[in-house]
Structure formats: structure tokens, C-alpha cells
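Visitor: Structure for the following, please:
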Amino acid sequence: QREKGSLLAFEAGVTNPYGITGAQDRGRLFIGPKDEVFEDMIIGVHQRPGDLAVNVCKTKQLTNMRAAGSDDTVKLTPPLELNLDIAVEYIQDDELVEVTPTKVRMLKHPDHKKM
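Guide: As a prediction, this is how the structure comes out:
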């Protein structure tokens, strides 16, 4: 039983640096920019107990108005390495590990909202 919760993807899509920047403030991530995610996929470790859904696919609003200094470069921390051993140790009873030839993913059990 771990003390910290999970960060979950709020929606399916492709991650981008703008969306990841907001999620970094909530905990350590297993994903980087341009990774494909789906809803309820575990994308990181939350700082606090309990799970939190974050939108890592969020894009910046494009407008004609620009303020000086508002387009600063985004600083991303490197994602945590995720392999099968780490994933199996990390999951709890309501979580699953999905293994494909190129990726190891963790997700909440589809019925977890009913539990």
C-alpha cells in the first residue's frame, strides 16, 4: 500500500509541453511531450494521497495579443523511467499494467469509478 496517489490523464490525446508544465507541479511524471495517452491512464505519482486527473493534452490559447515575457521557454523535468518491474511494484488493487512491444502503461481499472 503506497502513501501517494496517482496522476491520471483527464482525456485521451497527445501530450504537449504546455499541458505537462501544469502537471509537473502536482508530482513526478512517467510521460514526456508527444506521448499518446488515454483517459484514466496513470501518467505520474501525485504528491499527496488520492488520485488526481490532470489535462496533459491542454494546448495554449493562440491569440494576437502578446505580453512581454509571457512566452518564456518551458522547462520540463525528464520523465521517470517506467519498465515492467517498476510498473508491477507501483500498481494497487484497482490498477492494471498494459504491456505492448514498445510501451509499458499503467491504467485505472475500467470499473474503478463504480467501486
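Visitor: first vs last residue of stretch 43-51, how far apart are they?
Guide: 11 Å (C-alpha to C-alpha, to the nearest Å).
Visitor: now do stretch 75-86
Guide: Criterion C-alpha to C-alpha; first-to-last residue distance in stretch 75-86 is 26 Å.
Visitor: Ok, stretch 33-50 next?
Guide: Across stretch 33-50, the straight-line distance between its terminal residues is 25 Å, by C-alpha to C-alpha.
Visitor: In it, which residues are buried?
Guide: In terms of neighbour count (16 or more other C-beta atoms under 10 Å), stretch 33-50 has its buried residues at 33, 35, 37, 40-46. (Glycine included, C-beta is placed from N, CA and C.)
Visitor: Identify the residues contacting it?
Guide: The contact list for stretch 33-50 (C-beta atoms under 8 Å, 6 or more residues apart in numbering) reads 3-17, 20, 23, 26-31, 52-54, 56-57, 76, 80, 90, 95, 105-108, 110, 112.
Visitor: Model confidence score at the spatially most central residue of the chain, please.
Guide: Within the chain, the residue whose C-alpha comes closest to the C-alpha centroid is residue 43; the distance, by C-alpha atoms, centre = their mean, is 2.8 Å. In the predicted model, residue 43 carries a pLDDT score of 94.
Visitor: Make a ChimeraX selection of whichever of the contacts of stretch 33-50 turn out to be buried.
Guide: To isolate in ChimeraX the members of those that are buried, counting by 16+ other C-beta under 10 Å, one can use:
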select :5,6,7,8,9,10,13,15,16,17,20,23,26,27,28,29,30,31,52,54,56,57,90,95,105,106,107,108
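Visitor: Just the ones in helices from the contacts of stretch 33-50, please.
Guide: 17, 20, 23, 90 (DSSP state H).
Visitor: And the last one, how far from residue 105?
Guide: What it means is residue 90. 12 Å (C-beta to C-beta, to the nearest Å).
Visitor: again with the second one
Guide: According to C-beta to C-beta, residue 20 and residue 105 sit 17 Å apart.
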